[in-house]
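**Student:** predicted model and sequence follow; I will ask about them next.
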Amino acid sequence: MLERCFGVRRVRQIQRAARHGTVTFLCLFMTVVVLRGTIGAGKFGTPEQDFNDIRERFYSHNRRVEPHRVLEEVETTTKTTDANNYATFDISKILKDEEGGDEWKKDPNAPYSLGPKISDWDAQRGEWLKQNPNFPNFLGPTKPRVLLVTGSSPKPCENPVGDHYLLKSIKNKIDYCRLHGIEIFYNMALLDAEMAGFWAKLPLIRKLLLSHPEVEFLWWMDSDAMFTDMAFEVPWERYKNHNFVMHGWNEMVYDDHNWIGLNTGSFLLRNCQWSLDLLDAWAPMGPKGKIRDEAGKVLTKFLKGRPVFEADDQSAMVYILATGRETWGEKVYLENHYYLHGYWGILVDRYEEMIENYHPGLGDHRWPLVTHFVGCKPCGKFGDYPVERCLKQMDRAYNFGDNQVLQMYGFTHRSLASRRVKRVRNESSTPLQVKDELGLLHPAFKAIKLPSSS
């Protein structure tokens, strides 16, 4: 048909041109593919994008230093990230003590003392209270002004979780003090290097008694002790004729001379001359080194059941009372009607039983005021009991006490082992009419009576 229209010769020319055009198109297509693969424009976008990419590719020789700069940025970012990482930071870089030690040196030949002898503290303090009526030592007829004192080492704990449990412990103490109108002092300074360890509390206690004449009772509490009865108010009237209150038993101290006849992990000490004299008699066994070691031998020989180790403050107090009952005994009250100190080993497994059968406010074996984790040493490397048991039971004790705080606001822990909480009371449009179960929001023992206007 084409041959009839165009002729044989013309048709052959058209066919030859078509074949050449096909080959030319194929060559052009292959050239574009190769260029897109090797030059870098292979993004399969619009012709404009391809053109821009090709142009960028040809200009790249002016930026040959770019890879080196990128590597430097990556290295710098990595270094910055490491510097911001607390997990990899060496804490010893900042925990360095200054050289030179104490500026004030004690006479090595003089017997140890906590400070200058004071013999008229009652008179000095009485005069101060008279001149400062806005700082009374009693907040009510039978409610003394109390300062709770606790503390820990100035250095971080020797294990990764110890500081977390110290935080729980101080939060627990703050809660109790807030509910009962008690001031609190947390110490992290070693005031006297000679009195490290068990004995560090003595220089601190003396300093606080002398610096706060408005305080009637100082309440010392170890960092490993927790309040587990938030509703119990200490029967202050019971101690109106006593200056020193510890958990203990008269027969175990005075008759048996048992080294665990009392506990000094939680005690009340009145701010008076008698207490300063007691501290002066207590301290000489405390200086570390030979004095403490030799005193430990004396204590082990005298006290029933005491192992051989350096002198500790608790054994020393049993020794002082057992050998000097006539001097000190009249003003010492060994309390066992409630748990000013409660050994954790006989309490923690009974918390559920207590919840089922009793209620806060009892303070004794039915609902202990204090649970003391003696021997767990949560801030050290090693304790006297399995770590898992200690930490689990410390969590339970904390939650046991914390539930009494949370209930004021309508919450409680899901269980004694749980950090999570659940709602136990619906919100109200009249919140001031809602009363917490234990009456801790505005308890009578926290009320302050203002002087009547004349």
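**Tutor:** All right, it came through fine.

**Student:** what's downstream of the longest strand that the chain contains, the next helix or strand?
**Tutor:** Ranked by residue count, the top strand of the chain under DSSP state E comes out as strand 262-270. Once the chain leaves strand 262-270, the next helix or strand it forms, by DSSP states H and E, is helix 273-282.

**Student:** tilt between that following helix and strand 262-270?
**Tutor:** 140 degrees (axes from the mean of the first three to the mean of the last three CA atoms, to 10 degrees).

**Student:** who are the packing partners of whichever helix or strand comes after helix 273-282?
**Tutor:** Downstream of helix 273-282, the next assigned helix or strand under DSSP H and E is helix 290-302. Using 3 or more CB pairs under 8 Å, 6 or more residues apart in numbering; DSSP states H and E as the contact test, the elements touching helix 290-302 are helix 313-323. In short, each C-beta sits where N, CA and C put it, glycine included.

**Student:** strands of the stretch 351-454 of the chain, start to end?
**Tutor:** Using DSSP state E, counting those that start in this stretch, the strands assigned to the stretch 351-454 of the chain run over residues 370-372, 411-413, 421-423.

**Student:** most packed of those strands?
**Tutor:** strand 370-372 (a mean of 28; mean count of other CB atoms under 10 Å).

**Student:** who's in contact with that one?
**Tutor:** 221-222, 224-229, 263, 265-266, 339-344, 347-348, 397, 400 (CB atoms under 8 Å, 6 or more residues apart in numbering).

**Student:** returning to what we had before: out of the strands of the stretch 351-454 of the chain, which gets nearest to Ala83?
**Tutor:** When those are compared by CB to CB, strand 421-423 sits nearest Ala83, at 37.0 Å.

**Student:** circling back: make CSV out of the strands of the stretch 351-454 of the chain and add mean pLDDT and distance to Arg292.
**Tutor:** Listed next are those as CSV, based on pLDDT from 0 to 100; distance: least, CB to CB, whole Å:
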stretch, mean pLDDT, distance to Arg292
strand 370-372, 98, 23
strand 411-413, 96, 42
strand 421-423, 95, 46
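
**Student:** export those to CSV and append columns for distance to Asp384.
**Tutor:** Output for the strands of the stretch 351-454 of the chain, formatted as CSV (distance: least, CB to CB, whole Å):
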stretch, distance to Asp384
strand 370-372, 13
strand 411-413, 28
strand 421-423, 32
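
**Student:** secondary structure element for the residue nearest the centre of the chain?
**Tutor:** Compute the mean C-alpha point of the chain, and by CA atoms, centre = their mean the closest residue is Leu167, 1.6 Å away. When elements are assigned from DSSP H and E, Leu167 belongs to helix 162-180.

**Student:** which residues sit against that helix?
**Tutor:** So helix 162-180 is contacted by 148, 150, 152, 156-157, 182-184, 186, 221, 223-227, 230, 233-234, 378-380, 391, 394-395, 398, 401-402, 405, 440, 443, 445-446 (CB under 8 Å, 6+ apart).

**Student:** again, only this time at 7 Å
**Tutor:** 148, 150, 152, 156-157, 183-184, 186, 221, 223-224, 226-227, 230, 233, 378-379, 394, 398, 401, 405, 440, 443, 445-446 (CB atoms under 7 Å, 6 or more residues apart in numbering).

**Student:** what sits against the nearest residue to Ala200 once chain neighbours are set aside?
**Tutor:** Nearest residue to Ala200, sequence neighbours excluded (CB to CB, 6 or more residues apart in numbering): Leu190, at 5.9 Å. For Leu190, the contact set (CB under 7 Å, 6+ apart) comprises Pro154, Ala196, Ala200.

**Student:** check Phe445 too.
**Tutor:** Lys143, His180, Glu233.

**Student:** residue boundaries of the helices in the chain?
**Tutor:** Along the chain, counting by DSSP state H, helices occupy 2-6, 8-39, 47-58, 66-83, 121-131, 162-180, 201-211, 250, 273-282, 290-302, 313-323, 325-328, 351-357, 387-406.

**Student:** mean neighbour count, these: which tops it?
**Tutor:** Most buried of these, by mean neighbour count (mean count of other CB under 10 Å): helix 313-323, with a mean of 22.

**Student:** let me know the pLDDT of Ser429.
**Tutor:** With respect to pLDDT, Ser429 scores 87.

**Student:** and it, how close does it get to Arg178?
**Tutor:** 27 Å (CB to CB, to the nearest Å).
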